[in-house]
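Engineer: no sequence on hand, only this structure:
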């Protein structure tokens with residue numbers, strides 16, 4: 001009787017253990033929902049190249065460090081550019097000094113013309129009173145005509161000279177702006193707030209226009225690029241909520257909340273290293289899902305997504 005009770009008790013224990021395992025497996029299966037798509041994490045990478053030629057005087061950049069947008073992190077030698085700028089300023093001052101003072105130069109002729117007009121009026125009165133001859137009046141009129149022509153010619157000549165000098169000064173101003181821009185470009189600044197991924201040059205090396213200096217990316221606002229099949233396309237929308245998952249420590253999953261930010265308008269063949277829900281299908285559509293990274297996701301790391 002005791003032997004039968006022991007066997008019965010053992011049966012119930014084994015039954016309970018089996019039910020517990022089934023419950024745990026089902027709970028785990030429901031907890032880790034099958035992924036709708038798989039992909040890798042990406043970030044918008046920016047390669048910063050030199051815009052000037054010269055010796056790199058300072059370059060306080062370390063791979064893995066984060067810099068703020070607009071933060072100065074390097075300097076290319078600007079001595080030659082500053083010397084050119086000083087020479088250009090001297091040329092502009094010399095050109096300004098040669099600019100004709102039109103009002104003062106024509107003032108004398110205008111005053112002479114005014115005096116002749118008054119003299120003409122006086123002589124006309126004398127002629128009417130038979131106190132002067134007409135020849136005297138003709139002489140004054142001839143001088144007025146000559147002075148008027150001289151005034152017009154002077155205005156034209158001075159205007160032409162001023163126009164030429166203004167054109168010269170304007171050209172120098174453009175050159176000055178170019179130099180100032182070149183000097184500003186010698187101050188190397190971070191184009192975005194992000195992390196330096198790769199450094200291509202060291203201080204005291206020579207930089208030249210187009211030479212890559214460093215590469216950086218925003219590792220906070222990242223995205224995962226996945227591929228979906230045509231039958232899934234109708235159920236995926238822009239700004240749709242998505243759950244992103246990556247493997248974490250101790251077999252757990254790290255989850256992020258993301259949103260669909262881009263859906264490719266064209267189908268393409270499945271990339272060799274990417275799987276879809278239906279494994280290897282012929283044509284798929286690329287989808288980018290944006291999310292805020294806490295530092296857990298890395299560029300190139302695999303992940304999977306579940307569309308909500």
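Structural biologist: Structure received. Here the structure is a predicted model, which means the values were calculated and not measured. Numbering: from 1, shown residues only.
Engineer: would you mark the buried spots in stretch 127-143?
Structural biologist: For stretch 127-143, burial by neighbour count (16 or more other C-beta atoms under 10 Å) applies to 137, 140. Where C-beta positions appear, they are placed from N, C-alpha and C, glycine not excepted.
Engineer: tell me the average confidence for that stretch?
Structural biologist: Per-residue pLDDT over stretch 127-143 has a mean of 80.
Engineer: next: stretch 55-71.
Structural biologist: Rounded mean pLDDT across stretch 55-71 is 95.
Engineer: distance between the ends of that stretch?
Structural biologist: By C-alpha to C-alpha, to the nearest Å, the extent of stretch 55-71 from end to end equals 20 Å.
Engineer: from the chain's centroid, how far away is it?
Structural biologist: 17 Å (C-alpha atoms, centre = their mean, to the nearest Å).
Engineer: what comes into contact with it?
Structural biologist: 73-77, 188-199, 201-207, 213-214, 216 (C-beta atoms under 8 Å, 6 or more residues apart in numbering).
Engineer: mind doing that once more with 7 Å?
Structural biologist: 73-77, 189-199, 201-207, 214 (C-beta atoms under 7 Å, 6 or more residues apart in numbering).
Engineer: out of the residues you listed, which are buried?
Structural biologist: 73-77, 190, 192, 194-197, 199, 201, 207, 214.
Engineer: can you tell me which two in these are farthest apart?
Structural biologist: The largest separation in those, counting by C-beta to C-beta, is between 77 and 195 at 27.6 Å.
Engineer: of all the buried ones among the contacts of stretch 55-71, which comes closest to residue 268?
Structural biologist: Closest to residue 268, out of all of the buried ones among the contacts of stretch 55-71 and judged by C-beta to C-beta, is residue 197, at 26.8 Å.
Engineer: what helix or strand is that closest one on?
Structural biologist: strand 194-199 (DSSP states H and E).
Engineer: same thing with residue 99?
Structural biologist: Going by DSSP H and E, residue 99 is not in any helix or strand.
Engineer: and residue 127, its phi and psi?
Structural biologist: phi -70, psi -40 (degrees, to the nearest 10).
Engineer: and the residue nearest to it when sequence neighbours are not counted, how far from residue 289?
Structural biologist: Distances taken as C-beta to C-beta, 6 or more residues apart in numbering place residue 137 nearest to residue 127, at 5.6 Å, with adjacent residues excluded. According to C-beta to C-beta, to the nearest Å, residue 137 stands 98 Å off from residue 289.
Engineer: check residue 298 too.
Structural biologist: Counting by C-beta to C-beta, the gap from residue 298 to residue 289 is 16 Å.
Engineer: over to residue 229?
Structural biologist: From residue 229 to residue 289 the distance is 16 Å (C-beta to C-beta).
Engineer: neighbour count winner among the two?
Structural biologist: Between residue 229 and residue 289, counting by other C-beta atoms under 10 Å, residue 289 is the more crowded of the two (28 against 19).
Engineer: I'd like the next helix or strand past the host helix or strand of the more buried one.
Structural biologist: Using DSSP H and E, residue 289 sits in strand 283-292. Downstream of strand 283-292, the first helix or strand assigned by DSSP H and E is strand 302-307.
Engineer: how many neighbours does the nearest residue to residue 241 once chain neighbours are set aside have?
Structural biologist: Of all residues not flanking residue 241 in the chain, residue 308 sits nearest, at 4.4 Å (C-beta to C-beta, 6+ apart). For residue 308, the neighbour count with other C-beta under 10 Å is 10.
Engineer: hang on, residue 308 packs against residue 242?
Structural biologist: Yes: contact criterion C-beta atoms under 7 Å: residue 308 and residue 242 qualify, at 6.4 Å.
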